[in-house]
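Enquirer: how would this look folded up:
(one chain, ligands or ions: 1)
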Amino acid sequence: MHVFDIVEQGARAAQGPKPCAAVRGMLKALRNRLDEVHEALDFCACARAEDAPDRQIFYRSPNLTMMRICFCPGLRTPPHDHSTWAAILMLSGQERNTFYQRCKSRGLEQTGEIVLEPGSVFRMEVDTIHVAECAGQPAVALHVYGGDLDQLPRRVWHPHTLEEFPMEMERYEEFSRLASAACGPPGSAQPAALPA
Ligand SMILES: [Fe+2]
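Expert: All right, here's what the predicted structure looks like:
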């Protein structure tokens, strides 16, 4: 398998009348070839992945973004949305996703969590708000989004105050550092550690 096989399958699925369902079906079909997908996407792995979530877009168009994401142990995102549907195929390791909804009193409240294992295929809706983090071994996954992700009007929340902001990459990276330094995702039983 080569990266262009994955791009071709994803782009074809996204052209249909039900792109999210078609992409999800495509990812399910790849579950039996996890090692091949892993190897095909290894070319874009970053050598400094231990410092920050390694987020490598290998295909983007107005209706589709395909990305390899790796979370090494200790790395966590701030709460954020995508402003479009998303589908994930877990390739290796474990990724915990914690979900939120808007809450008048505290900005956000937790609604649940799921731990993705190799072979898991998971769908997120347009309005999903989540935190993703490594939950064991380095978590490597193929992420597919129904739009040109970095051009969409997305939101990100401060991991301590849960104040809502427009998504900007510099802000996201700063909030990721704060989120990774905390003991757990916002609203978890383990209180988030405030920076000194
Ligand atoms: Fe996300």
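Enquirer: and Phe58, which of the three is it?
Expert: strand (DSSP: H, G, I helix; E, B strand; the rest coil).
Enquirer: isn't it right next to His2, touching?
Expert: No - using Cβ atoms under 8 Å as the test, Phe58 is too far from His2 to be in contact (11.4 Å). Placement of C-beta: from N, CA and C, glycine included.
Enquirer: between those two, which one's more packed in?
Expert: Using other Cβ atoms under 10 Å as the criterion, Phe58 and His2 rank with Phe58 on top: 17 against 11.
Enquirer: buried stuff in the helix or strand containing Phe175?
Expert: Using DSSP states H and E, Phe175 sits in helix 169-181. For helix 169-181, a neighbour-count test (16 or more other Cβ atoms under 10 Å) marks Tyr172, Phe175, Ser176, Leu178, Ala179, Ser180, Ala181 as buried.
Enquirer: try stretch 98-110
Expert: Thr98, Phe99, Tyr100, Gly107, Leu108, Gln110.
Enquirer: so where do the helices sit in this protein?
Expert: Counting by DSSP state H, the chain has helices at residues 3-14, 19-29, 34-41, 169-181.
Enquirer: Any chance of JSON lines for those helices, columns distance to Glu133 and mean pLDDT?
Expert: JSON lines is the format used below for the helices of the chain (distance: least, Cβ to Cβ, whole Å; pLDDT from 0 to 100):
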{"stretch": "helix 3-14", "distance to Glu133": "25", "mean pLDDT": "96"}
{"stretch": "helix 19-29", "distance to Glu133": "21", "mean pLDDT": "96"}
{"stretch": "helix 34-41", "distance to Glu133": "20", "mean pLDDT": "95"}
{"stretch": "helix 169-181", "distance to Glu133": "8", "mean pLDDT": "93"}
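Enquirer: Of those helices, give the one that comes closest to Asp127.
Expert: helix 19-29 (13.4 Å; Cβ to Cβ).
Enquirer: Could you tell me the angle between that closest one and helix 3-14?
Expert: In terms of direction (axes from the mean of the first three to the mean of the last three Cα atoms, to 10 degrees), helix 19-29 departs from helix 3-14 by 140 degrees.
Enquirer: buried set for helix 19-29?
Expert: The neighbour-count check on helix 19-29 (16+ other Cβ under 10 Å) flags Pro19, Cys20, Ala22, Val23, Arg24, Met26, Leu27 as buried.
Enquirer: Can you get me the centre-to-centre distance for that helix and its chain?
Expert: For helix 19-29, the distance from its own C-alpha centre to the chain's C-alpha centre is 17 Å (Cα atoms, centre = their mean, to the nearest Å).
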